[in-house]
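Visitor: Next come a sequence and a model predicted from it.
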Amino acid sequence: MLASDLSTNEYSVFNATYIKAANDKTLSDGLKEGLLQLVDFVKNIPAEKLEYRYAEGKWTIKDIILHMTDTERIFAYRALRISRGDKTPLPGFDENDYVPFAFANSRSIESLLTEYENTRKSTISFFESLNEQQFLFMGTASNTAISVRAIGFIITGHQNHHIRVISERYL
């Protein structure tokens, strides 16, 4: 299954950007390659750029890395609940409320990458444990219908989106 194989009723219009950014790899390949890609990408960023803001009020690269980790955790949790047949509507979250309380810039890049790697490895393990039926389960998150498999592709596309943003605006 590729991201392009998803039906548009499996995700919201807002998430279409991330589905497209999943680059049409299998979910497993996208998650695994993304792990290596992000770590290699960040390790090649000059240290003085990690806390750089390209404009007032914008996040630093460290903020973005922790944002990706936080978002992945939230989306993996949503996928867990939906894959287990939980029909409870899951609330949205405002990432802009999270960043000031994450204190990413007071942490080393090594600790941020370790946390990201551990989160991604857990995400990979979780999605590899699912059967075909579970991938098709639908639930509600942020007031919209979403499938488990769409969530996986959103995770990979979200990371690809932020790597592109960092490349274009920070480096």
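Guide: Yes, it's here.

Visitor: Is A145 within a helix or a strand, and which one?
Guide: Using DSSP states H and E, A145 sits within strand 144-147.

Visitor: now that strand: mean pLDDT?
Guide: The predicted model assigns strand 144-147 a mean pLDDT of 98.

Visitor: And for stretch 3-13?
Guide: Mean predicted confidence for stretch 3-13 is 95.

Visitor: Any idea how far apart the tips of that stretch sit?
Guide: In terms of CA to CA, to the nearest Å, the two terminal residues of stretch 3-13 are separated by 14 Å.

Visitor: Counting neighbours, show which residues of that stretch come out buried.
Guide: Across stretch 3-13, burial judged by 16 or more other CB atoms under 10 Å covers A3, L6, E10, Y11, S12. The way it works is simple: take the backbone N, C-alpha and C, and place the C-beta from them, glycine included.

Visitor: now those residues as TSV including distance to T144?
Guide: Below are the buried residues of stretch 3-13 laid out as TSV (distance: CB to CB, whole Å):
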residue	distance to T144
A3	17
L6	14
E10	10
Y11	8
S12	4
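
Visitor: CSV for those, including secondary structure?
Guide: What follows is the buried residues of stretch 3-13, written out as CSV (DSSP: H, G, I helix; E, B strand; the rest coil):
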residue, secondary structure
A3, helix
L6, coil
E10, helix
Y11, coil
S12, coil
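
Visitor: which among those gets closest to A141?
Guide: The nearest member of the buried residues of stretch 3-13 to A141, counting by CB to CB, is S12 at 8.8 Å.
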